[in-house]
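K.L.:
Prediction below, plus the sequence it came from.
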Amino acid sequence: MQAKQLKLLEAPDFLYTQELIAGVDEVGRGALFGPVVAAAVILPPNKLSSLVQVGVADSKQLSSGQRQQLAGHIRTVAIACQIGLASVAEIDRLNILQASLLAMHRAISKLQVQPSLCLIDGNQKIPRLAIAQQTLVKGDQNSVAIAAASIVAKVSRDQFIARLAAHYPAYDLLANKGYGTTRHRQALQRLGPSPLHRRSFAPCRVRESSTASVLEAIAPTCTQLEL
């Protein structure tokens, strides 16, 4: 058994075998382009060990193919699984931390079943959440439910960005998923930001070109595309 499995098999999820626990995580906080996406996942207590055995772990430790396969399996066995997002406009207006918490709140609010407790990745509680919550630093490495949420959120956001990439081919979004790679930053310097770049992030604060203006005229918004 791998070390990461041993760690997850000691997760706090196993302390709540008589309750419904939602794991909550987000992805995309550090990206320059696109929304931040969160997932909330409630797993059956009797499936936790088997999910660890099939490879559920921190999404950052997995390949794209592994994440996609596991996301489908998680959705199949989960009691409830939902996605929430915060748009680029909300990120720029609120700041990335508050937008991330908002996306988490939206994911939890969409759950068909209300959990007894939400395990939240990180050290920030979600404001105005009418459900008990517990933060867990490095939760995607220490909680099965949070690890599952990290996988579902990552796969959902990657698929969302892939659909947007067709509208903005110059920014190499299929490869970078909205993150600030060298090619992405070079395109920002050359073309300026698109309507779905985060203007509150320093690399996106470059002078807009006429190309960016044309992109804005034809751009889809985050609300026009469904996760």
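P.N.:
Arrived safely, thanks for sending.

K.L.:
Distance of the spatially closest residue to Pro193 that is not a sequence neighbour relative to Arg185?
P.N.:
Excluding the flanking residues, the one nearest Pro193 by C-beta to C-beta, 6 or more residues apart in numbering is Cys204, at 4.5 Å. To be clear about C-beta, it is placed using only N, CA and C from the backbone, and glycine gets the same treatment. Distance, Cys204 to Arg185, by C-beta to C-beta, to the nearest Å: 10 Å.

K.L.:
how about low-confidence regions in this protein?
P.N.:
Applying pLDDT under 70 to the chain flags the ranges 1-7, 9-10, 17-18, 208-227.

K.L.:
So it: which segments form each domain?
P.N.:
3-163, 166-222 (automatic domain parsing).

K.L.:
My reading is that Ala71 lies in a helix. Confirm?
P.N.:
Yes - counting by DSSP: H, G, I helix; E, B strand; the rest coil, Ala71 is part of a helix.

K.L.:
Tell me which residues touch it, please.
P.N.:
Contacts for Ala71 (C-beta atoms under 8 Å, 6 or more residues apart in numbering) come out as Ile151, Val152, Lys154, Val155, Ser156.

K.L.:
and if we set it to 7 Å?
P.N.:
Ile151, Val152, Val155 (C-beta atoms under 7 Å, 6 or more residues apart in numbering).

K.L.:
repeat for Arg199
P.N.:
Going by C-beta under 7 Å, 6+ apart, Arg199 touches Asp92, Pro193, Arg205.
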